[in-house]
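**Student:** Fold the following, please.
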Amino acid sequence: MDSSTYLIARDRAEQDAALSRVLSAVQQQLCACPPVPCQLAAVLTAAAPAWQAGLCYVLTYWPGEVRVTLRHGAAEIDSRALVDDATDIQAVAARLLAGLVGLALESATAPQPTAPEPAAAPEPAEPAAAPPAAVTPEPAAPPAAAPQPAGPEPRQLSAEEISAAVEMIRCMPADVRKAFSQAFRSTFAVPAEAKVITPHITTSDHLLFIDRFTVEAAGGIVAA
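**Tutor:** Sure, this is the predicted structure:
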């Protein structure tokens, strides 16, 4: 190795060592700073001690890559990151530069402090249950009679139908007519003071009774 090459190599080594000393001192100073937003302007402002110490930066962008270079004299150190078209280039550059100078960045997902929840109020004590009042048993009600199926209301007879019914009674033999009169009075609750039953023949039930009695008295059978 000739003397010129030796001098260049020694000079470069000295410059690299100077960069290392300056950068180490800056990193020790900035490590105590509070975290800063991941924004290039915020990082450049917080990294002011690095610029005061003689450091400078160079931001280089090629498609697919971002590079941040720190320089001190002829010596330099860089940091790189792969990116795509949708990447925020300045945010990536801020992250790379903060890493080089030793700045902490705020976390994008840092949890926000929440107010303590108020303590739940104690539930009021339930009053002691009162003893049940004495109950006097009521006499059991008599079972209700089963409802009887309601039949159709009897139809009022016309004058012609009443006349026909009376004529049927007159045509009965005397002994049959006497038996009919007793049966009619008993079935339809005709008052005992009523001399005749003719005024009490007024509805279709009465006509049906006369018709059935007549048939049975003649020896016939009435269908149920």
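**Student:** what comes up buried for the biggest helix by length in the chain?
**Tutor:** The residue-count maximum for a helix in the chain (DSSP state H) belongs to helix 3-30. Along helix 3-30, these residues count as buried under the neighbour rule (16 or more other CB atoms under 10 Å): 16, 19, 22-23, 26, 30. C-beta: built from backbone N, CA, C; applies to glycine.
**Student:** For these, work out which two are farthest apart.
**Tutor:** 16 and 30 (20.8 Å; CB to CB).
**Student:** confidence score at the residue of the chain positioned farthest from its centre?
**Tutor:** Residue farthest from the centre of the chain, counting by CA atoms, centre = their mean, is residue 174 at 88.0 Å. Per-residue confidence (pLDDT) for residue 174: 89.
**Student:** any idea how far residue 200 is from the residue nearest to residue 214 when sequence neighbours are not counted?
**Tutor:** Excluding the flanking residues, the one nearest residue 214 by CB to CB, 6 or more residues apart in numbering is residue 168, at 5.8 Å. According to CB to CB, to the nearest Å, residue 168 and residue 200 sit 15 Å apart.
**Student:** do residue 163 as well
**Tutor:** Distance of residue 163 to residue 200, computed by CB to CB: 15 Å.
**Student:** Those two: who's more crowded?
**Tutor:** The neighbour count for residue 163 versus residue 200, taken as other CB atoms under 10 Å, is higher for residue 200 (15 against 12).
**Student:** Now do the contacts for that one.
**Tutor:** By CB atoms under 8 Å, 6 or more residues apart in numbering, residue 200 lies in contact with 184, 188, 190, 194, 206.
**Student:** right, and the pair among those with maximum separation?
**Tutor:** Across those, no pair lies farther apart than 194 and 206, at 13.7 Å, counting by CB to CB.
**Student:** more neighbours, those two?
**Tutor:** residue 206 (20 against 11).
**Student:** Pull the residues that contact the strand or helix carrying that one.
**Tutor:** In this assignment (DSSP states H and E), residue 206 forms part of helix 204-217. For helix 204-217, the external contacting residues (CB under 8 Å, 6+ apart) are 154-157, 161, 165, 168-169, 172, 176, 179-180, 183-184, 187-188, 200-201, 221-222.
**Student:** quick one: pLDDT of the nearest residue to residue 202 once chain neighbours are set aside?
**Tutor:** Closest residue to residue 202 apart from its sequence neighbours, by CB to CB, 6+ apart: residue 157 at 6.0 Å. Residue 157 is assigned 88 on the pLDDT scale.
**Student:** and what of the one 4 residues further on?
**Tutor:** Here, the pLDDT recorded for residue 161 equals 87.
**Student:** Would you enumerate the residues in contact with it?
**Tutor:** Shown in contact with residue 161 (CB under 8 Å, 6+ apart): residue 207.
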